[in-house]
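Enquirer: What follows is a predicted structure for the sequence shown.
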Amino acid sequence: VRGGLRTPSPFPERPSSGRFGETTYFEGEPIVSNEYENEPDLGSSSGWYGQQSDPPRGGSYRGQSYASVGGAGRSSHGQPRVDHIIQALHARVEAFSTVQAAESAEWRQLLLLQKACVADVAQTASNFRIEVLQQVRLLQERVRRLEEKLRTLRASSSTSHHGLMTRVARMVSIAQRRMLGEVSCRKEDPTCTLCRDVLSP
């Protein structure tokens, strides 16, 4: 204070209550400043450190709040990632099951086709066997008929040959008797007993 007048200070004065109040400059003009009303009392170190040591209501220190927020972020962000992995695994298993089912159906279709082919071949072989057996039976029947015909021809030829030889023998006997004079006829005479025997079949 110089000459009864207050020299303005570059820093606002703090009233005894701990809050900024009115500051008087030249000619007593008041200047009110409430810029730092909500800030802690910087003049009292104990009060400032006390406020720093005690966390505000419903909150925490910045480090603790960041740590808790980071942990919550990891837990809340990790769970959807696990769900996504599980869904991907389920999708892969379902796709694999679909492929396996399609391949199984294709193999079953091929197996049924092979069975149908085998049955067709077996039926064809059975029909061919029946046809061959029928052909063999017909050939055997034809051979039997040919053998019977051959036996008949042989029997007929033997009978004819025997009759011819008998007749030739009779004619030779008559000729010999004529030469000896035992037979009076000179040629075949139906009235002659010997000639009648020769001429008879």
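Expert: Structure's in. What do you need?
Enquirer: pLDDT of the longest helix seen in the chain, averaged?
Expert: In the chain, taking DSSP state H as the definition, the longest helix is helix 62-180. The average pLDDT for helix 62-180 rounds to 80.
Enquirer: residues near residue 170, how many?
Expert: By the criterion of other C-beta atoms under 10 Å, residue 170 has 16 neighbours. Placement of C-beta: from N, CA and C, glycine included.
Enquirer: for residue 173, same thing?
Expert: When neighbours are counted by other C-beta under 10 Å, residue 173 registers 14.
Enquirer: any idea how far it lies from residue 162?
Expert: Distance of residue 173 to residue 162, computed by C-beta to C-beta, to the nearest Å: 17 Å.
Enquirer: cool, and residue 89?
Expert: 107 Å.
Enquirer: Kindly report the same for residue 147.
Expert: As defined by C-beta to C-beta, residue 147 lies at a distance of 23 Å from residue 162.
Enquirer: before we move on, what about residue 83?
Expert: For residue 83, the distance to residue 162 - C-beta to C-beta - is 117 Å.
Enquirer: swap in residue 121?
Expert: Separation of residue 121 from residue 162 (C-beta to C-beta) stands at 61 Å.
Enquirer: likewise residue 132?
Expert: Applying C-beta to C-beta, the value for residue 132 to residue 162 is 45 Å.
Enquirer: Ok, residue 113 next?
Expert: Taken as C-beta to C-beta, the span from residue 113 to residue 162 is 73 Å.
Enquirer: do residue 105 as well
Expert: For residue 105 relative to residue 162 (C-beta to C-beta), the value is 85 Å.
Enquirer: repeat for residue 146
Expert: 25 Å.
Enquirer: Residue 143 too?
Expert: With distances taken as C-beta to C-beta, residue 143 is found 29 Å from residue 162.
Enquirer: for residue 125, same thing?
Expert: Counting by C-beta to C-beta - residue 125 and residue 162 are separated by 55 Å.
Enquirer: cool, residue 106 as well?
Expert: Counting by C-beta to C-beta, the gap from residue 106 to residue 162 is 83 Å.
Enquirer: Check residue 111 too.
Expert: From residue 111 to residue 162 the distance is 76 Å (C-beta to C-beta).
Enquirer: contacting residues for residue 168?
Expert: Counting by C-beta atoms under 8 Å, 6 or more residues apart in numbering, residue 168 makes contact with nothing.
Enquirer: Quickly note the distance from it to residue 159.
Expert: For residue 168, the distance to residue 159 - C-beta to C-beta - is 15 Å.
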